[in-house]
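Asks: fold the following and give me the result.
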Amino acid sequence: MIGDKIGHRLDPYLFSFYHKILGANGTPDLLTVLGLLAMLLASLLVIRDHWVYAGLAIILSGIFDLFDGVVARRLNKVTRFGGFFDSVLDRYSDLLFLFALLLFYLEQGRRDLVILVFVVAIGTALVPYARARAEAAQVACNIGLMERAERLILLVAGTLFHLMVPVLWILAVLTHVTVLQRIYHVWKKLKVKDQGQV
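Replies: Numbering: from 1, shown residues only. Down below sits the predicted model:
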């Protein structure tokens, strides 16, 4: 939702900032990898019980994720592999951090929160999967309440302000609501297409 509303309108300002620091250097794929490494750092910090630093690392990961697309578009380095690579590493980042939460709560003996994190992980994995399958069926599907930008914002709030448990409950509900929204959306679109072919 946030990404769709903002779109690429911030590209000129973000690239101007980037260009002042690095000029025309750098590759989008490298920024994508740095985003994954920042999320790996956030995961390790959570396991070590350093929540605020973990939140800052998530912000850093989000910045890299934001700039990889900007740099690709502004330097004419957009490739199909780059989009694929970014999407795959985003999934690694998302699930890696949730795995760290799972390990932390497991160490704390919080079986209820371990289950909750697992439910969130399922929803987090299914949101982009539903979109990918929809697009494979030639249906545009970027709708839903809880895309990646919204999930990252919530995780940052959870880590910085020690609100992770309520954030996890929100994610557990809204990621699956988003999946259901996408299933319904694709069902409507394909139903119309199928009726048109009869």
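Asks: leaving out sequence neighbours, find the closest residue to the most centrally placed residue in the chain.
Replies: Nearest to the mean C-alpha position of the chain, by C-alpha atoms, centre = their mean, lies residue 148 at 3.0 Å. Using C-beta to C-beta, 6 or more residues apart in numbering and skipping the chain neighbours, the partner closest in space to residue 148 is residue 90 (6.3 Å). Using the backbone N, CA and C atoms, a C-beta is placed for each residue, glycine as well.
Asks: per-residue pLDDT, the one you found?
Replies: Each residue has a pLDDT score; the one for residue 90 is 97.
Asks: for it, which residues are in contact?
Replies: Listed by C-beta atoms under 8 Å, 6 or more residues apart in numbering, the contact partners of residue 90 are 35, 65, 128, 148.
Asks: any weak-confidence spans in this structure?
Replies: Residue ranges of the chain with pLDDT under 70: 1-7, 198.
Asks: show me which helix runs longest in it.
Replies: helix 164-197 (DSSP state H).
Asks: the protein: helices as residue ranges?
Replies: Using DSSP H, helices in the chain cover 2-6, 11-22, 28-47, 51-74, 80-107, 111-136, 148-160, 164-197.
Asks: let me have those helices in TSV, adding distance to residue 142 as columns.
Replies: TSV is the format used below for the helices of the chain (distance: least, C-beta to C-beta, whole Å):
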stretch	distance to residue 142
helix 2-6	6
helix 11-22	18
helix 28-47	20
helix 51-74	14
helix 80-107	13
helix 111-136	7
helix 148-160	11
helix 164-197	9
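Asks: ok, now how distant is residue 65 from residue 96?
Replies: 14 Å (C-beta to C-beta, to the nearest Å).
Asks: just to revisit the earlier point, by contact count, what packs against the longest helix of the chain?
Replies: Counting contacts by 3 or more C-beta pairs under 8 Å, 6 or more residues apart in numbering; DSSP states H and E, helix 164-197 is packed against helix 111-136, helix 148-160.
Asks: now the ones you listed as CSV including distance to residue 8?
Replies: Listed next are those as CSV, based on distance: least, C-beta to C-beta, whole Å:
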stretch, distance to residue 8
helix 111-136, 19
helix 148-160, 14
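Asks: and among these, the most buried is which?
Replies: Each of the helices and strands packed on helix 164-197 was scored by mean neighbour count; the highest is helix 148-160, a mean of 20, by mean count of other C-beta atoms under 10 Å.
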